[in-house]
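Any chance you could fold what I've pasted below:
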Amino acid sequence: MSRKTISKKRLPTIDIKYKSYLVSLLIQRVLKSGKKTLAQNLIYETFDIIRDKTNKNPLIVFEVAIKNARPLLEVKTKRIGGSTYRIPIEVNSFRSINLAIRWIIKHAHKRVGRGICVKLASEIIDTANNSSLTIKKKEETHKNAEANKAFSHFQ
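Got it, this is the predicted structure:
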């Protein structure tokens, strides 16, 4: 890779059914072994379950869940003068959305239930209501950053 040019980020296209960029990012994160149609069907079924359980637009519920799960700060490890410091830094918007989606999927897999659609729908609904493991992960990340605030001058 050339040191002179910076490669452009290739963003996924907008979703077909919901016309949302966030849904297409979710489909990309669920995707395994290149089976995009299967991932799309799982997400659409998940959104149908969310519509049945909450009687609300599933896209709005998903956007609220992402907004609630997005971290503002995270800790990066930096080696300075032979010792390692954990330095809190602000997270840019693209990375915070990616982290939120990744955490939602990870905690949905940990849930007990029948299928991934039901688990993912439950995790999204709970995250939208601020009562899931994803929210705990976000709070834990913020606490960790707050505890290491003394090292923020090493940025």
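
going forward, measure contacts between C-alpha atoms and count neighbours the same way
Noted.

sec struct for residue 13, please.
coil (DSSP: H, G, I helix; E, B strand; the rest coil).

again with residue 84
With three-state DSSP as the basis, residue 84 sits in strand.

Torsion angles phi and psi at the residue nearest to it when sequence neighbours are not counted?
Residue nearest to residue 84 in three dimensions, not counting chain neighbours: residue 78, with 5.7 Å by CA to CA, 6 or more residues apart in numbering. Phi and psi for residue 78, reported as degrees, to the nearest 10, are phi -140, psi 130.

Residue 78 - how many residues pack around it?
13 (other CA atoms under 10 Å).

Same check on residue 91?
Residue 91 has 16 nearby residues by other CA under 10 Å.

Next one: the residue nearest to residue 84 from residue 88, what distance?
10 Å (CA to CA, to the nearest Å).

Tell me where the model's unsure across this structure.
Scanning the chain with the threshold set as pLDDT under 70 gives 1-2, 153.

which residues of it fall in strands?
Here the chain has its strands, by DSSP state E, at 73-80, 83-90.

for the ones you listed, which one sits closest to residue 115?
With CA to CA as the measure, strand 73-80 is the member of those nearest residue 115 (31.8 Å).

re earlier: so which of the strands of the chain is the most packed in?
strand 83-90 (a mean of 16; mean count of other CA atoms under 10 Å).

Pull up the pairing partners for that strand, direction included.
strand 73-80 (antiparallel) (DSSP bridges).

The strands of the chain: which one's closest to residue 41?
Per CA to CA, nearest to residue 41 of these: strand 73-80, 33.0 Å.
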